[in-house]
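>>> Output the structure for:
(one chain, ligands or ions: 1)
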Amino acid sequence: MYLSVIKVSVPVAEVVGVEEGRVEILPRKSVEDTDKDFTGGFLWETQVSQTSRPQLLVFINPFGGKKKGRKIYHSLVAPLFELAGISSHVIVTERANQARDHLLKKDLKGFDGVVCVGGDGMFSEILHGLIGRTQQEAGLSENDPTVALQPCPLHIGIIPAGSTDCVCYATVGVIDPVTSALHIIIGDSQPLDVCSVHQASALMRYSVSLLGYGFYGDVLAESEKHRWMGPLRYDYSGTMVYLSNRSYAGIVQYLPADPLLSSPRDRTRCLSGCSVCSRTTERLFPHSSVYSSHFNQFSSDSEGEWVSVEGRFRCVSLTCMSSSCPKSPLGLSPSAHLADGTGDLILVWDTHPLGFLKFLYRHTSTQDQFDLPFVEVHRVKAVRFSLPSGIDEEERGYIETVSRNGSQQHLSVWNCDGEILSSTEILCRIHGQLVRLYARGIEEGAAVHNCGKENDKCQMGCTLIK
Ligand SMILES: Nc1ncnc2c1ncn2[C@@H]1O[C@H](COP(=O)(O)OP(=O)(O)OP(=O)(O)O)[C@@H](O)[C@H]1O
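Coordinates of the predicted model:
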């Protein structure tokens, strides 16, 4: 649908700012300016009502990040929703998991999307609530790791207001509440893969970014002991864990993805309109009906052959997206895709401390972190992790065991999107495009700085990527 303004034609879905006599995209407009820009008088009121603007259920975590969730929503986001004619039902949470429980139990009729105002933990609550609700309604058991989960009909919007906003950063390219609000208003739709994590026949959690055993598990466990330090705890804990120089025994089995479709080392980036993800949409939803024809990704005939490796690892990581963040501009796996139905499995074998430091350091630069003799990366559909015989799962956590060479070692824990898992032996499966976000991926022109900041504001020394 096109809106004609004097002699200029622009797609309605792309218009976010209007002034008499000219039309321009104003992604970083301040709220004070939006009155005259956004409505533009009768013309906008008429046109806006013809487009389908979402009905939203909004959850605000008042304690996320710097505790500014409420302020961010009411001063920056709500005025834009109001101007766009969006009706929103706002719930300020009073406890952890309130949003998840609401989504699992309450009437959601009439809502097009759920918005979380908070950080990655809050996003995870929404994710678990919506996936759980959708499976309940479809009569599917989340505890069965072989079941093809039903995609969620409601979109998720993220208004970043946490101390970690990695999912927002990885799907929008910047951490900015106004930009995210505009993606919601426009009704952008970005599919996202989700990894289910099971122990035996019980669902443990869902993950969209990092599942890490070894180094990343230890850093999370260590940082939990130092929460009082604030965000600095991650740097401190990273240093302490690095200095402890640990490696862990394990058996990793994985189900490779089709190597003809893409590779974790093809040096491409998953950007807005990514062709690999678009082909996956066509494969998963051939009749373009997301909710009626979900492809059974785990049918036994299409599964392929599992590969098994055993040894000692510095870390074992599985990531469903690049997992880029301001500290690691290109991310854990720079060529990973948001919505291709696969994850990247990164195996870092035991090595000398300087080698491992080199690997870690390369995450902060554009150097290829996989181009090291002790590192492997595989694009996979599923991963199983188990302990070699002789190591007891019951002894998980930080119970010390004595390794063969006599030095003291520990079992590690799994870091699942910032939460510690209570099991070591797990089965992970990637569910292609299980949820949709109000986002459009990282735009080519916008991906100027991978730290998400503009040229003059970047203090990370991050590398400019075109
Ligand atoms: N009202 C509440 N009181 C306490 N905890 C809450 C409340 N609402 C949500 N939570 C929980 O707070 C956790 C952290 O929230 P969020 O992700 O928004 O902030 P964050 O600052 O990024 O978190 P983190 O400190 O983990 O980095 C989430 O796991 C969520 O379940």
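>>> Identify the residues contacting whichever residue of the stretch 301-450 of the chain sits closest to the ligand.
As assessed by CB to the nearest ligand atom, the ligand sits closest to G418 within the stretch 301-450 of the chain, at 5.8 Å. Using the backbone N, CA and C atoms, a C-beta is placed for each residue, glycine as well. Contact analysis of G418 by CB atoms under 8 Å, 6 or more residues apart in numbering lists D120, G121, S124, T164, L220.
>>> now those: which count as buried?
For the contacts of G418, a neighbour count by 16 or more other CB atoms under 10 Å gives the buried set as D120, G121, S124, T164, L220.
>>> closest to the ligand among the residues you listed?
G121 (2.8 Å).
>>> which element follows the helix or strand containing the closest one toward the C-terminus?
Per DSSP states H and E: G121 is located in helix 120-138. Note on helix 120-138: by DSSP H and E, the next helix or strand toward the C-terminus is strand 155-160.
>>> Identify all contacting residues around the next helix or strand along the chain from that next one.
Using DSSP H and E, the helix or strand that follows strand 155-160 towards the C-terminus is helix 166-172. Residues outside helix 166-172 that contact it (CB under 8 Å, 6+ apart) are 120, 123, 158, 160, 175, 179-180, 183, 190, 192, 208-209, 321-326, 331, 338, 437, 439-442, 452.
>>> near the ligand too, which of the residues you listed?
D120 (CB under 6 Å from any ligand atom).
>>> Among the contacts of helix 166-172, which are located in helices?
Of these, the ones assigned to helices by DSSP state H are D120, F123, T179, S180, H183.
>>> what would those look like in JSON lines with pLDDT and distance to G65?
Shown next, in JSON lines, are the ones in helices among the contacts of helix 166-172 (pLDDT from 0 to 100; distance: CB to CB, whole Å):
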{"residue": "D120", "pLDDT": "94", "distance to G65": "10"}
{"residue": "F123", "pLDDT": "98", "distance to G65": "12"}
{"residue": "T179", "pLDDT": "95", "distance to G65": "17"}
{"residue": "S180", "pLDDT": "97", "distance to G65": "14"}
{"residue": "H183", "pLDDT": "96", "distance to G65": "20"}
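>>> who's in contact with P353?
Y242, N245.
>>> swap the cut-off to 6 Å and go again
P353 is in contact with N245, counting by CB atoms under 6 Å, 6 or more residues apart in numbering.
>>> Likewise for L192?
L338, A339, V435, L437.
>>> Sort out for me which of those residues are in strands.
Among these, DSSP state E puts V435, L437 in strands.
>>> Show me which residues of the protein sit near the ligand.
61-65, 93-97, 118-122, 125, 162-164, 418.
>>> Let's see the PyMOL selection covering just the buried ones among those residues.
PyMOL command restricting the residues of the chain next to the ligand to the buried ones, with burial defined by 16+ other CB under 10 Å:
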select buried, resi 61+62+64+65+93+118+119+120+121+122+125+162+164+418
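>>> Which of the residues in the helix holding G121 are classified as buried?
Buried residues in helix 120-138, counted by 16+ other CB under 10 Å: 120-135.
>>> List just the nearest of those residues to L76.
Closest approach to L76 among the buried residues of helix 120-138 (CB to CB): M122, at 16.8 Å.
>>> wait, doesn't that closest one sit right on V115?
No: using CB atoms under 6 Å, M122 is not in contact with V115, being 10.3 Å away.
>>> how about L80, what does it touch?
A181.
>>> that's a strand at it, yeah?
No: going by DSSP: H, G, I helix; E, B strand; the rest coil, the assignment for L80 is helix, not a strand.
>>> pretty sure S75 is in a helix, no?
Yes: if the criterion is three-state DSSP, then S75 is within a helix.
>>> what about it, how many residues close to it?
12 (other CB atoms under 10 Å).
>>> Which residue comes closest to the closest residue to the ligand within the stretch 151-300 of the chain once chain neighbours are left out?
Minimum separation of the stretch 151-300 of the chain from the ligand (CB to the nearest ligand atom) falls at G162, amounting to 2.5 Å. Leaving aside its sequence neighbours, G162 sits nearest to G119 (CB to CB, 6 or more residues apart in numbering; 1.4 Å).
>>> same deal with Q150?
A138 (4.2 Å).
>>> Verify the assumption that M204 is located in a helix.
No: remark: M204 does not belong to a helix; assigned using three-state DSSP, it is strand.
>>> need the contact list for C428.
C195, V197, L318, V383.
>>> Name the member of these with the most neighbours.
Result: L318 is most packed of the contacts of C428 (other CB under 10 Å), 30 neighbours.
>>> quick one, phi/psi of it?
phi -130, psi 130 (degrees, to the nearest 10).
>>> quick one: low-confidence parts of the protein?
Applying pLDDT under 70 to the chain flags residues 1-53, 287-302, 391-410, 445-466.
>>> Report the central residue of it.
Nearest to the mean C-alpha position of the chain, counting by CA atoms, centre = their mean, stands V167 at 3.8 Å.
>>> what's the farthest-apart pair in the contacts of G418?
S124 and L220 (13.8 Å).
>>> what about stretch 107-119, start to end distance?
In stretch 107-119, first residue to last residue: 25 Å (CA to CA, to the nearest Å).
>>> buried sites along it?
Under the neighbour-count rule (16+ other CB under 10 Å), stretch 107-119 has L108, F111, D112, G113, V114, V115, C116, V117, G118, G119 buried.
>>> Over to stretch 411-425?
Those buried within stretch 411-425 under the rule 16+ other CB under 10 Å are L411, S412, V413, W414, N415, C416, D417, G418, L421, S423, T424, E425.
>>> Equivalent analysis for stretch 181-201, please.
181-188, 190-199.
>>> And stretch 84-101, by the same measure?
Of all the residues in stretch 84-101, those buried under the rule 16+ other CB under 10 Å are A84, I86, S88, V90, T93, Q98, A99, R100.
>>> Could you list which of these belong to helices?
Counted as lying in helices by DSSP H, out of these, are Q98, A99, R100.
>>> re the thing from before, roughly how far does the residue of the stretch 151-300 of the chain closest to the ligand sit from R283?
34 Å (CB to CB, to the nearest Å).
>>> Quick check, W349 in contact with P373.
No: using CB under 6 Å, W349 is not in contact with P373; the gap is 8.7 Å.
>>> Would you mind telling me which of the two has the busier surroundings?
W349 (19 against 8).
>>> Can you tell me the closest non-neighbouring residue to that one?
F374 (4.4 Å).
>>> Kindly report the same for S196.
R429 (5.2 Å).
>>> Now do that neighbour against P264, distance only.
18 Å.
>>> isn't there a helix covering V383?
No: applying three-state DSSP, one finds V383 to be strand, outside a helix.
>>> hang on, isn't it packed against Y254?
Yes: V383 is within contact range of Y254, at 4.8 Å (criterion: CB under 6 Å).
>>> Overlap in contacts, these two.
L345.
>>> Spit out the contact partners of the closest residue to the ligand within the stretch 51-200 of the chain.
At 2.1 Å from the ligand, G119 is the closest residue in the stretch 51-200 of the chain, using CB to the nearest ligand atom. G119 sits next to G64, G65, G162, S163, T164, D165 when contact means CB under 6 Å, 6+ apart.
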